[in-house]
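Student: next input, structure requested:
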Amino acid sequence: MNKIGFVGLGVMGAPMAGHLSSNNFDVSVFNRTNKKSIIWKSRYDGRVCDSLDDLASSSECIILCVGNDEDVKDIINGKSGIIDALNPGSIIVDHTTTSAELAKEMNEVLLLKDCFFVDAPISGGQLGAESGTLSIMAGGDREAYEACNKIFKSYSKSHKFMGPSGSGQLTKMVNQICIAGLIQALAEGIHFSRKAGLKTADVMGVITKGAAQSWQMENRWETMLNDEYDFGFAVDLMRKDLDIVLKQAKKMDTELEITDLVNSFYKEIQKLGGGRWDTSSLLKRIQEK
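Tutor: Numbering: from 1, shown residues only. Reported below is the predicted structural model:
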């Protein structure tokens, strides 16, 4: 597959589509805000589409990187969706973080059109998208997933098939559960260090070399110490993700006590006006108590 349609040119999607262009794929793009498409075209080789139908009819694989379940539904089978313009055998890869039910529903809808849906949420944030080092966890048809191997390699350091439709999204939920706990623990550790009168930069320098090491610690402790949060994965997006996780956990009759608690902390940050702050702003919440 060489003809790729890419929908959603936000902070993640724009560089991802750029990597595809740089790797000699024939890329067509569409964004609801046309200005973002124009900016993308000024940086990369590719075609800007005026409609989703135009993008779908000229693509073998369509990649989505949008906001939520409703966005994905609208793009695929909404009033101006791609469903009737798809070529038979087309593969739709959804990098959006959504519910597992959405993935299963879209897979069933697309199979009726002899097309395939791969739920493939990503981890690695804006930095990972820009550097082409994302991690991809995919669910759906294995052959469709394998057909996307070269595409995924363009902007990821790892990608793995996790099982049938919805498995990618369920794996992403595990990822967000772990991240939420890690960031809260890091925030509490930094707060404790300061209260104890330690040189916290030195503390972090030591413990990042030991068993407490994590991506969050390596990449966030210094900005947290500097009270810098105007970057990275936004609190509003993490709240959306954790709400999905907790809704799924309820269906499974599974308690996620720490995840539920951290989600409530992010609600407090939103009330502080920090919806667009990085998720590491959990420290700011502690300091302002």
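
Student: most centrally placed residue in the protein?
Tutor: Central residue of the chain (Cα atoms, centre = their mean): Ile122, 4.5 Å from the mean position.

Student: hang on, that residue packs against Ser156?
Tutor: Yes - using Cβ atoms under 8 Å, Ile122 is in contact with Ser156, at 7.5 Å. Yep, even glycine has a C-beta here, placed from its N, CA and C like the rest.

Student: list residues touching both of these two?
Tutor: Common neighbours of Ile122 and Ser156, using Cβ atoms under 8 Å, 6 or more residues apart in numbering, are Leu134, Ser135, Ile136.

Student: now do the SS call for the last one.
Tutor: Reduced to three states with DSSP: H, G, I helix; E, B strand; the rest coil, the structure at Ile136 is strand.

Student: contact partners for it?
Tutor: Applying Cβ under 8 Å, 6+ apart to Ile136 gives the contacts His95, Ala120, Pro121, Ile122, Phe152, Ser156, Ser158, His159, Lys160, Gly168.

Student: got a ChimeraX select line for the buried ones in the residues you listed?
Tutor: To isolate the buried members of the contacts of Ile136 in ChimeraX, using 16 or more other Cβ atoms under 10 Å:
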select :95,120,121,122,152,156,159,168
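
Student: strand partners of the longest strand belonging to the chain, parallel vs antiparallel please.
Tutor: For the chain, the strand with the greatest residue count under DSSP state E is strand 156-163. Using DSSP bridges, strand 156-163 pairs in its sheet with strand 134-139 (parallel).

Student: let's see the partner strand as PDB, backbone CA atoms only.
Tutor: What follows is strand 134-139 as a C-alpha-only set of coordinates in PDB (Å, rounded to 0.1, in the frame of the first residue of the first chain):
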ATOM      1  CA  LEU A 134       5.700   6.100  19.000                       C
ATOM      2  CA  SER A 135       4.500   2.800  20.400                       C
ATOM      3  CA  ILE A 136       1.500   1.300  18.600                       C
ATOM      4  CA  MET A 137      -0.900  -1.300  20.100                       C
ATOM      5  CA  ALA A 138      -3.300  -2.800  17.500                       C
ATOM      6  CA  GLY A 139      -6.500  -4.800  17.400                       C
END
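
Student: quick one: mean pLDDT over it.
Tutor: Strand 134-139 shows a mean pLDDT of 98 in the predicted model.

Student: heads up, I number from 298, so please use that
Tutor: From this message on, residue numbering opens at 298, which makes the last subject strand 431-436.

Student: which parts of the helix or strand bottoming out on mean pLDDT in the chain are buried?
Tutor: In the chain, no helix or strand scores lower on mean pLDDT, DSSP states H and E than helix 422-428, which sits at a mean of 93. Across helix 422-428, burial judged by 16+ other Cβ under 10 Å covers Gly422, Gln423, Gly425, Ala426, Glu427.

Student: contact partners for Leu534?
Tutor: So Leu534 contacts Thr394 (Cβ under 8 Å, 6+ apart).

Student: could you look up the SS state of it?
Tutor: helix.

Student: done for today, thanks.
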